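>>> no sequence for this one, just the structure:
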């Protein structure tokens, strides 16, 4: 109702239709509905125009409602969000001290902790109450969203769905949709390994194929290569004899690379158009931006200049030196590590690394945790998604870590 109301009447109608969540008496229904709406709203977060243009602002409403509801369920107790609190405090402090962007930037530092609080507490409550039911709910929510994307592909009732031949779906952004599919792939993999859902292995196999297909339709090299890295690491750790084979192959490929052109190989396979080989060398122009970003980082390497500074800086630079008719790559930094260094410096990055280390250590799934960590770190090389928490990706990251950390126990009466 909230989403349909937003499509028909905009942000105000959508926000009003979210408010009944506060008055649902059934605790299980309240928390489950909150989780479903929370995830879906963030899945629409990159669509800044058209019928779904209300979604970015609605994210803040649903975050506020979530905090109000969850405060009654011991929000801080046993919450893994405490490990991102040091980063959130440092990011907020640096922003307050150095940012030219005011209150909005300060709130971006605080939002990391608030987002983590909500997602980890939702996972904790629902796993402890009835884990199989919760896992089924996740599968249903994800399946619903991606099936809608397939429908939109064939029947574009929400307007334009492609940009330069690349499918952008409900995200309004090809790379954004690819990354949502990529992180969802990892979540589906975790749920399959837990073996507590009502869905068969065949269903999961089909779901994974669907997600791979969507990533291919988006033409996202980052999503595709990250997924390959994820699967490769799992296979290497699960079947260690493959590790020796891969090492031999890498050695051979390295030796042959002196005489063979990787671009020629790709072209011979007929994949040059899909992989856009003409832009691989400079990462679709991103390397130009990275050089400029590195020079700016040197001006204040330890502390940075506050949240949102990465976007502010590159837009200022491009306006001054490139002009209005600039290429697309001059509208962002396109690298999470450079964005974080611009925003919070080396100190902030170290605090953020502490969060990732604690997630890795606390994960109960020794093979998947390394593969998921590599997937996240690899995808961050060409996208700045780590430099913001109110996007579609951080909630999925928190969710995937939460599923690995909070293991099913005896049912509790919290709900």
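Cool, got the structure. Worth saying up front: this structure is predicted, and the values here are computed from it rather than measured. Numbers count the residues shown, from 1 in each chain.

>>> Roughly how far does residue 171 sit from residue 145?
Separation of residue 171 from residue 145 (C-beta to C-beta, to the nearest Å) stands at 10 Å. (Each C-beta comes from the backbone N, C-alpha and C, glycine too.)

>>> who's more crowded, the two?
residue 171 (24 against 18; other C-beta atoms under 10 Å).

>>> In the chain, where is pLDDT below threshold?
45, 47-48, 240-244, 246-284, 410-413 (pLDDT under 70).

>>> picking that back up, now for residue 171 and residue 145: what residues contact both?
Counting by C-beta atoms under 8 Å, 6 or more residues apart in numbering, the contacts common to residue 171 and residue 145 are residue 43.

>>> what helices or strands is the biggest helix by length in the chain leaning on?
In the chain, assigned by DSSP state H, the helix with the most residues is helix 103-154. With contacts taken as 3 or more C-beta pairs under 8 Å, 6 or more residues apart in numbering; DSSP states H and E, helix 103-154 sits against helix 27-43, helix 55-70, helix 85-98, helix 174-194, helix 201-218, helix 394-405.

>>> To residue 106, which of those helices lies closest?
helix 85-98 (5.0 Å; C-beta to C-beta).

>>> got the angle for the closest one vs helix 103-154?
For helix 85-98 against helix 103-154, the angle between stretch directions is 120 degrees (axes from the mean of the first three to the mean of the last three C-alpha atoms, to 10 degrees).

>>> Touching helix 85-98 from outside, list them.
Identification of contacts with helix 85-98 by C-beta under 8 Å, 6+ apart yields 101, 105-106, 108-110, 112-113, 300, 303-308, 343-345, 347-348, 351-352, 354-355.

>>> Go through the residues you listed and flag which are in strands.
Residues of those located in strands (DSSP state E): none.

>>> buried subset of those?
Among these, those buried by neighbour count (16 or more other C-beta atoms under 10 Å) are 101, 105-106, 108-110, 112-113, 303-308, 343-345, 347-348, 351-352, 355.

>>> returning to that earlier point: will you turn the helices and strands packed on helix 103-154 into a markdown table that also has distance to residue 226?
Formatted as a markdown table, the helices and strands packed on helix 103-154 follow (distance: least, C-beta to C-beta, whole Å):
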| stretch | distance to residue 226 |
| --- | --- |
| helix 27-43 | 18 |
| helix 55-70 | 24 |
| helix 85-98 | 23 |
| helix 174-194 | 6 |
| helix 201-218 | 9 |
| helix 394-405 | 13 |
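
>>> Now render the ones you listed as CSV, adding distance to residue 1 and mean neighbour count.
Listed next are the helices and strands packed on helix 103-154 as CSV, based on distance: least, C-beta to C-beta, whole Å; neighbours: other C-beta atoms under 10 Å:
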stretch, distance to residue 1, mean neighbour count
helix 27-43, 10, 20
helix 55-70, 13, 19
helix 85-98, 33, 20
helix 174-194, 23, 24
helix 201-218, 26, 17
helix 394-405, 21, 24
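
>>> Relative to residue 285, which of those helices is closest?
Smallest distance to residue 285 across those (C-beta to C-beta): 14.0 Å, for helix 174-194.

>>> tell me what the closest one is packed against?
If you count contacts as 3+ C-beta pairs under 8 Å, 6+ apart, helix 174-194 packs onto helix 103-154, strand 166-167, helix 201-218, helix 221-238, helix 366-379, helix 394-405.

>>> now with 7 Å?
Applying 3 or more C-beta pairs under 7 Å, 6 or more residues apart in numbering; DSSP states H and E, we find helix 174-194 packed against helix 103-154, helix 201-218, helix 221-238, helix 366-379, helix 394-405.

>>> Among these, which comes closest to residue 286?
Comparing the helices and strands packed on helix 174-194 against residue 286 with C-beta to C-beta, the closest turns out to be helix 221-238 (10.6 Å).

>>> quick revisit: looking at the helices and strands packed on helix 103-154, which is closest to residue 294?
So among the helices and strands packed on helix 103-154, helix 85-98 is nearest, using C-beta to C-beta, at 18.8 Å.

>>> List the buried residues in stretch 106-126.
Neighbour-count burial for stretch 106-126, with 16+ other C-beta under 10 Å as criterion, is recorded at 106-126.

>>> ok, and what's touching that stretch?
The contact list for stretch 106-126 (C-beta atoms under 7 Å, 6 or more residues apart in numbering) reads 31-32, 34-35, 63, 66-67, 70, 73, 75, 78-81, 84-85, 87-88, 91-92, 95-96, 134, 307-308, 388-390, 394-395, 398-399, 402-403, 406, 414-415.

>>> Run a quick neighbour tally on residue 11.
Residue 11 has 16 neighbours, counted by other C-beta under 10 Å.

>>> what residues are up against the nearest residue to it once chain neighbours are set aside?
Leaving out its chain neighbours, the residue that sits closest to residue 11 by C-beta to C-beta, 6 or more residues apart in numbering is residue 54, at 4.1 Å. By C-beta under 7 Å, 6+ apart, the contact set of residue 54 is 6, 10-11, 14.

>>> For residue 191, see how far away residue 54 is.
Note on residue 54: its distance to residue 191, by C-beta to C-beta, is 30 Å.

>>> Next: residue 168.
In terms of C-beta to C-beta, residue 168 sits 26 Å off from residue 191.

>>> quick one: contacts for the residue nearest to residue 375 when sequence neighbours are not counted?
Among residues not flanking residue 375 along the chain, residue 230 sits closest, at 4.4 Å (C-beta to C-beta, 6+ apart). Each residue near residue 230 by C-beta under 7 Å, 6+ apart is listed here: 186, 371, 374-375.
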